[in-house]
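**Q** let's see this in three dimensions:
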Amino acid sequence: MNTEEDIIIFTLVYKNEAYQVQTSRNQYHTLMTLISDYLALPGFGLCCGMRSCGTCIVEICKKRTAIKKSTLSCDVQVNDELANTIIFIAAVVY
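**A** Numbering: from 1, shown residues only. You can find the predicted model right below:
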């Protein structure tokens, strides 16, 4: 059973559509797997988290700031650091 302390809430943005995500600690190992489950984007995370293809690039922005950090979502753990962030998913084009 999850308590409020186990809940992590953040926003995913893909193609100008915003999706509020609520997950619990330890439900997903990486942000890439969470995004794949939530949005099932074709061409996203082609290397399955091996950090070799670059198809899972996201920009993470803390709310109330304009500074975005670009990173591979397979390199980001789903933990409290994601709480109250906005995560912009790069459009994968093939």
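**Q** count of neighbours near residue 74?
**A** Here the number of neighbours of residue 74 (other Cβ atoms under 10 Å) works out to 25. Where you see a C-beta, it was placed from the backbone N, CA and C, and this is true even at glycine.
**Q** make sure it is indeed in a helix.
**A** Yes - under DSSP: H, G, I helix; E, B strand; the rest coil, residue 74 falls within a helix.
**Q** was I right to think it contacts residue 51?
**A** Yes - the pair residue 74 / residue 51 is scored as a contact, 5.8 Å apart, by Cβ atoms under 8 Å.
**Q** which pLDDT value belongs to residue 74?
**A** Looking at residue 74, its pLDDT reads 94.
**Q** OK, contacts around it?
**A** Applying Cβ atoms under 8 Å, 6 or more residues apart in numbering to residue 74 gives the contacts 30, 31, 32, 45, 47, 49, 50, 51, 56.
**Q** contacts for the strand or helix carrying residue 69 next, please.
**A** Element membership for residue 69 (DSSP states H and E) is strand 68-72. The contact list for strand 68-72, computed with Cβ under 8 Å, 6+ apart, reads 32, 51, 54, 56, 57, 58, 59, 60, 61, 88.
**Q** can you check the pLDDT for the fifth one?
**A** At residue 57, the pLDDT value in this model is 93.
**Q** coming back round to it: could the contacts of residue 74 go into TSV alongside neighbour count?
**A** Shown next, in TSV, are the contacts of residue 74 (neighbours: other Cβ atoms under 10 Å):
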residue	neighbour count
30	18
31	27
32	24
45	21
47	14
49	17
50	9
51	11
56	29
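**Q** quick one, which of those residues has the minimum pLDDT?
**A** Among the contacts of residue 74, residue 49 carries the weakest pLDDT, at 71.
**Q** isn't that one up against residue 31?
**A** No - between residue 49 and residue 31 there is no contact under Cβ under 8 Å: 10.1 Å.
**Q** and residue 83, how far is that from residue 49?
**A** Note on residue 83: its distance to residue 49, by Cβ to Cβ, to the nearest Å, is 22 Å.
**Q** show me where this protein has helices.
**A** For the chain, helices defined by DSSP state H occupy the ranges 31-39.
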